[in-house]
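[1] Provide a 3D model corresponding to the input given below.
(one chain, ligands or ions: 3)
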Amino acid sequence: MIYIGNHVSVSDGYLAMGKEEASLGGNTFAFFTRNPRGGGSKDVPQSDIDALAAYLRENNFGKLVAHAPYTMNLCSGKEDVREFSRRFFAEDLARMEQLPGHFLNFHPGSHLGQGYDVAADQIAFAINEVLKEGQTTTLLLETMAGKGTEVGRTFEEIKGIIDRVDMKDRVGVCFDTCHVWEAGYDIVNDLDGVLKEFDSVIGIDKLMAVHFNDSKNPISSHKDRHEKIGLGCIGKDALINVVRHPLLQGRPFILETPNDDKGYKEEIALVRENMV
Ligand code: FE
Ligand code: FE
Ligand code: ZN
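    Numbering: from 1, shown residues only. Ligands and ions are numbered 1, 2, ... in the order given. Predicted coordinates:
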């Protein structure tokens, strides 16, 4: 079973997201927990969220991979930015708890000159602050391209954050193919080696979701520019090897490619064709 989908807009409500994804041929999806560049979040009626939960069950969807806003930076050098980031984080996790049992993915953050160790402490502090007994959402740290002072450009940096978390079973990793490639991991020529390295550094069971993107740039470019599947430097064959890899079966694969609905529909169909 392959779980594949794309990023959908929350503007028409929760149930509408499920229906939209199904119309594109998908059976998982991503959505922003609030406006990604602003910060506002409007209350969603529980009835709409429950309707989506029922729809997901009836249509055999996999786990959803919500995305925290880009403005959130849990390891900013500025205390006020860290504070509002932690508030967003707690509010968005509470929102996710209204739809139990899914993933909330977030960028570890940019340390802005503070250095990795201070940043890892601050990120883990925030995770430890929001995680409470009885919650059902799993937090996912996203692997990053290493643009600027981004934290999470190596598996070791991700592992160092997880090591500082108390409730380790509530935290996993979202493996972004574009980011990993631009960070310097050669998933084109040595996917097995990269996944082996992930396993030995973090543990493959922690790889819980995949952001499935081609890249506009060569390996190790640290730019973070996504491309449509097959049109970038990773290429179609290498990406199909990722979705077919035995170690990655059952994970939700989320397209974050620069596409409209028609493009997403085609990419979802392409992936499905190559799974048989
Ligand atoms: Fe992301
Ligand atoms: Fe991503
Ligand atoms: Zn990206």
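[2] Residue 22: what's its closest spatial neighbour, skipping adjacent residues?
    residue 59 (5.9 Å; Cβ to Cβ, 6 or more residues apart in numbering). Where C-beta positions appear, they are placed from N, C-alpha and C, glycine not excepted.
[3] repeat for residue 157
    residue 151 is the one closest to residue 157 (Cβ to Cβ, 6+ apart), at 5.8 Å.
[4] One more: residue 173?
    Nearest non-adjacent residue to residue 173 (Cβ to Cβ, 6+ apart): residue 206, at 5.0 Å.
[5] The one you found contacts residue 175, correct?
    No: between residue 206 and residue 175 there is no contact under Cβ atoms under 8 Å: 9.6 Å.
[6] So these two - more neighbours on which side?
    Remark: of residue 206 and residue 175, residue 175 carries more neighbours, 29 against 21, as counted by other Cβ atoms under 10 Å.
[7] Tell me how far residue 268 lies from residue 206.
    26 Å (Cβ to Cβ, to the nearest Å).
[8] swap in residue 122?
    21 Å.
[9] Which phi and psi values does the residue nearest to residue 44 when sequence neighbours are not counted adopt?
    Nearest non-adjacent residue to residue 44, counting by Cβ to Cβ, 6+ apart: residue 14, 6.0 Å away. Here is the backbone geometry of residue 14 (degrees, to the nearest 10): phi -80, psi -50.
[10] again with the one 10 residues further on
    Torsion angles at residue 24 (phi, psi; degrees, to the nearest 10) stand at phi -90, psi 0.
[11] Please name the residues that touch it.
    Going by Cβ atoms under 8 Å, 6 or more residues apart in numbering, residue 24 touches 5, 6, 261, 264, 265, 268.
[12] Most neighbours among those, please name it.
    Result: residue 5 is most packed of those (other Cβ under 10 Å), 27 neighbours.
[13] where do the helices sit along the stretch 1-150 of the chain?
    Secondary structure of the stretch 1-150 of the chain (DSSP state H, counting those that start in this stretch): helices at 14-24, 46-58, 79-97, 116-130.
[14] can I get these in JSON lines with mean pLDDT?
    Below are the helices of the stretch 1-150 of the chain laid out as JSON lines (pLDDT from 0 to 100):
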{"stretch": "helix 14-24", "mean pLDDT": "98"}
{"stretch": "helix 46-58", "mean pLDDT": "97"}
{"stretch": "helix 79-97", "mean pLDDT": "97"}
{"stretch": "helix 116-130", "mean pLDDT": "98"}
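[15] Near ligand 2, which residues of this structure? Just list them.
    Within the chain, the positions adjacent to ligand 2 are 176, 211 by Cβ under 5 Å from the ion.
[16] Flag the shaky bits of this structure, pLDDT-wise.
    Applying pLDDT under 70 to the chain picks out residues 38-39.
[17] where do the strands sit along it?
    Remark: strands assigned in the chain by DSSP state E are 3-6, 65-67, 103-106, 138-142, 171-176, 207-212, 214-215, 226-227, 252-255.
[18] which stretch among those strands comes nearest residue 241?
    Taking Cβ to Cβ, strand 207-212 is the member of the strands of the chain nearest to residue 241, at 11.9 Å.
[19] Right, I'll call it a day here.
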